[in-house]
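[1] sequence? don't have it. structure:
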Ligand SMILES: O=C(O)[C@H](O)[C@@H](O)[C@H](O)[C@H](O)COP(=O)(O)O
């Protein structure tokens, strides 16, 4: 696990953008393609816009990049809450990404069906059960959730390598999420977390005793052991140890 802590969010985003470029280039060179599972929420929007900017857009062979979503809200793809719509506006449209390169959750289906169909689409893409993303981008909620692995939800104990629907009783909404076993098959995982509101969650995940019911992001432990945390100082301020382990 590697920590990359910088004073401001801009430096965090640029460092993660450079990391993204490096992992993408390595994957294309080794396997002829780069399969990435994007994070949703608000934090990664600036990263996607930076990657699509004139400074970065020439650094990646975008025609060899295939995009998936670590999770999705159970809303139409035209909804402002859609992770797909956010990525479409920030990344896919500016880079003229072909629709065949983007695997979005079909949220027209009922949640359970959408999850099953998405899992099948992932298996077909990788042409095997051991689907391995080259990179999974993750955020962190201030309640220590990641993707849609929320505290005290059954999906936290799901050993399926796949995609499941999650009902969030507080918000009375469904989400669709990759399970921890699927996420953990990734070759590399990068968390992007910035802002003081995340500081306690970061400390809980990295320094508290294991308690996945309360701190679901503790489930993220890829077999590759390649987990990089990209944090600004505000998000890292509760950490006693800011050294990588
Ligand atoms: O669909 C989502 O919302 C994300 O996948 C979710 O896991 C997100 O990463 C965290 O909730 C942090 O969200 P912010 O970046 O908006 O704080």
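    Structure's in. What do you need? Since the structure is predicted, the reported quantities are computational estimates derived from the model, not experimental observations.
[2] tell me the contacts of the residue nearest to residue 112 when sequence neighbours are not counted?
    Nearest non-adjacent residue to residue 112, counting by C-beta to C-beta, 6 or more residues apart in numbering: residue 165, 4.9 Å away. (C-beta placed from N, C-alpha, C; glycine too.) When contacts are counted by C-beta atoms under 8 Å, 6 or more residues apart in numbering, residue 165 touches 74, 111-112, 114-115, 174-177.
[3] residues touching the residue in the chain positioned nearest to the ligand, list them.
    Nearest residue of the chain to the ligand (C-beta to the nearest ligand atom) works out as residue 139 at 2.3 Å. By C-beta under 8 Å, 6+ apart, the residues touching residue 139 are 39-41, 43-44, 146, 191-193.
[4] let's see 10 Å
    Neighbouring residues of residue 139 by C-beta atoms under 10 Å, 6 or more residues apart in numbering: 39-44, 70-71, 145-147, 191-194, 198, 217.
[5] Same question for residue 151.
    Counted by C-beta under 10 Å, 6+ apart, residue 151 has contacts 141, 143-145, 211-217.
[6] Got a PyMOL select line for the buried ones in those residues?
    Applied in PyMOL, the following selects the buried portion of the contacts of residue 151 according to 16 or more other C-beta atoms under 10 Å:
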select buried, resi 141+143+144+145+215+216+217
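[7] what about the closest residue to residue 101 other than its chain neighbours, is that helix, strand or coil?
    In this structure, residue 101 finds its nearest non-sequential neighbour in residue 66, 5.3 Å apart by C-beta to C-beta, 6+ apart. Using DSSP: H, G, I helix; E, B strand; the rest coil, the secondary structure recorded for residue 66 is strand.
[8] Pull out the buried members of the contacts of residue 139.
    If we count by 16+ other C-beta under 10 Å, those have these buried: 39-41, 43-44, 70-71, 145-147, 191-194, 198, 217.
[9] Among these, which ones are in strands?
    71, 191-193 (DSSP state E).
[10] Kindly reformat those as CSV containing pLDDT and distance to residue 185.
    CSV is the format used below for those (pLDDT from 0 to 100; distance: C-beta to C-beta, whole Å):
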residue, pLDDT, distance to residue 185
71, 98, 16
191, 98, 17
192, 98, 20
193, 98, 22
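[11] tell me, which of the residues you listed make contact with the ligand?
    The subset of those within reach of the ligand, by C-beta under 6 Å from any ligand atom, is residue 71.
[12] So which residues on this structure come close to the ligand?
    39-43, 70-71, 83, 139-141, 145-147.
[13] I'd like those residues as JSON lines, with distance to residue 182 appended.
    Shown next, in JSON lines, are those (distance: C-beta to C-beta, whole Å):
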{"residue": "39", "distance to residue 182": "14"}
{"residue": "40", "distance to residue 182": "16"}
{"residue": "41", "distance to residue 182": "19"}
{"residue": "42", "distance to residue 182": "24"}
{"residue": "43", "distance to residue 182": "21"}
{"residue": "70", "distance to residue 182": "9"}
{"residue": "71", "distance to residue 182": "11"}
{"residue": "83", "distance to residue 182": "16"}
{"residue": "139", "distance to residue 182": "17"}
{"residue": "140", "distance to residue 182": "18"}
{"residue": "141", "distance to residue 182": "19"}
{"residue": "145", "distance to residue 182": "16"}
{"residue": "146", "distance to residue 182": "13"}
{"residue": "147", "distance to residue 182": "10"}
